[in-house]
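Peer 1: With the input below, show me the fold.
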Amino acid sequence: MLLATSSFLTGALVLLSASTLVTAQQIDLPIMASSLSSAAANASGAATAKYSTLITNVLKLYTTRDPAVQAKILEDHYLPTATFEDPLMIVNGTTSIVSQFHALLSAFSSIDATQGLPNNLSATPTIETADAASLSKGIETLVIPNTQVYKNEKAKIGPKEISIEANTFLQVEQASGKVVYHKDEWLNHKFENPTLIKKASGATSSAIFKLFNIGGSEKPAH
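Peer 2: Predicted coordinates for the structure are as follows:
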């Protein structure tokens, strides 16, 4: 009987402890969720406040119809040795980057690029937590969720409109405030060339653009 009573008391204590733990966790979960939400909002607010001009002008790279404006944006916000990467290609140097964006002007009748994603309207720019390597180099990574809509209303073959949901990653050098690496990651199109093909594609297109002076003849707007 004493053993049975002891076992009962032990079981009751275990249940009581478990109940207390669950109750504590249930109380803490909303607090934790609220804290995480607050931290995310603060990170987003800090990114928008710190990089508002950069965010606006990077998106304008896609939408402007003026090559001189594109060149000016790259001059103001990118190091001359900056790299651009998307699922199709990798190019190095602002001369090659502006040629790629300039080429979009002739390939599409219009391009829209706006912050946010269709399925996540609350997606806003954030600053990634820096790793040790980035910190040692003085690099900060800005992430811009955005939607790019490419229109070619006169197209006789293929779609007249292509919508790309993307995260644009910008590695920014803290000392100069300029972009050293710009990478577009497509979220709704999973196609991606291997790195070697990306480099070859970028080098080939850059050579062709240079030969025909695409993107190289316009002087930055002042």
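Peer 1: just the helices in this structure please.
Peer 2: With DSSP state H applied, the chain shows helices at 2-63, 67-77, 94-107, 132-137, 195-211, listed in chain order.
Peer 1: Give me the below-cutoff pLDDT ranges for the chain.
Peer 2: Under the criterion of pLDDT under 70, the regions of the chain flagged as low confidence span 1-44, 121, 209-222.
Peer 1: Find the centremost residue of it, please.
Peer 2: Among the residues of the chain, the one closest to the centroid is T168, at 2.3 Å (C-alpha atoms, centre = their mean).
Peer 1: who's in contact with it?
Peer 2: With contact taken as C-beta atoms under 8 Å, 6 or more residues apart in numbering, T168 is in contact with V58, V143, I144, N146, H182, K183, D184, E185. For glycine as for every other residue, the C-beta is placed from the backbone atoms N, C-alpha and C.
Peer 1: Now which of those residues would you call buried?
Peer 2: Of the members of the contacts of T168, the ones counted as buried by neighbours, 16 or more other C-beta atoms under 10 Å, are V58, V143, I144, N146, H182, K183, D184.
Peer 1: Distance to S110 for those residues - can I get that in TSV?
Peer 2: Conversion of these to TSV gives the following (distance: C-beta to C-beta, whole Å):
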residue	distance to S110
V58	18
V143	26
I144	20
N146	16
H182	22
K183	24
D184	19
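Peer 1: Could you tell me which of these belong to strands?
Peer 2: Using DSSP state E, the members of those that fall in strands are V143, I144, N146, H182, K183, D184.
Peer 1: Count the neighbours of the residue nearest to E128 when sequence neighbours are not counted for me.
Peer 2: Take E128 and drop its neighbours on the chain: the residue closest to it by C-beta to C-beta, 6 or more residues apart in numbering is T141, 4.2 Å away. Residues near T141, counting by other C-beta atoms under 10 Å, number 17.
Peer 1: With T94 instead?
Peer 2: Under the neighbour criterion other C-beta under 10 Å, T94 is assigned a count of 23.
Peer 1: wait, isn't V58 in contact with I144?
Peer 2: Yes: under the criterion of C-beta atoms under 8 Å, V58 makes contact with I144 at 6.9 Å.
Peer 1: Could you tell me which residues touch both of those two?
Peer 2: Taking C-beta under 8 Å, 6+ apart as the criterion, V58 and I144 both touch T168, L170.
Peer 1: before we move on, the earlier item: what separation do you get for the residue nearest to E128 and L135?
Peer 2: With distances defined as C-beta to C-beta, to the nearest Å, the gap from T141 to L135 amounts to 11 Å.
Peer 1: Cheers, nothing more for now.
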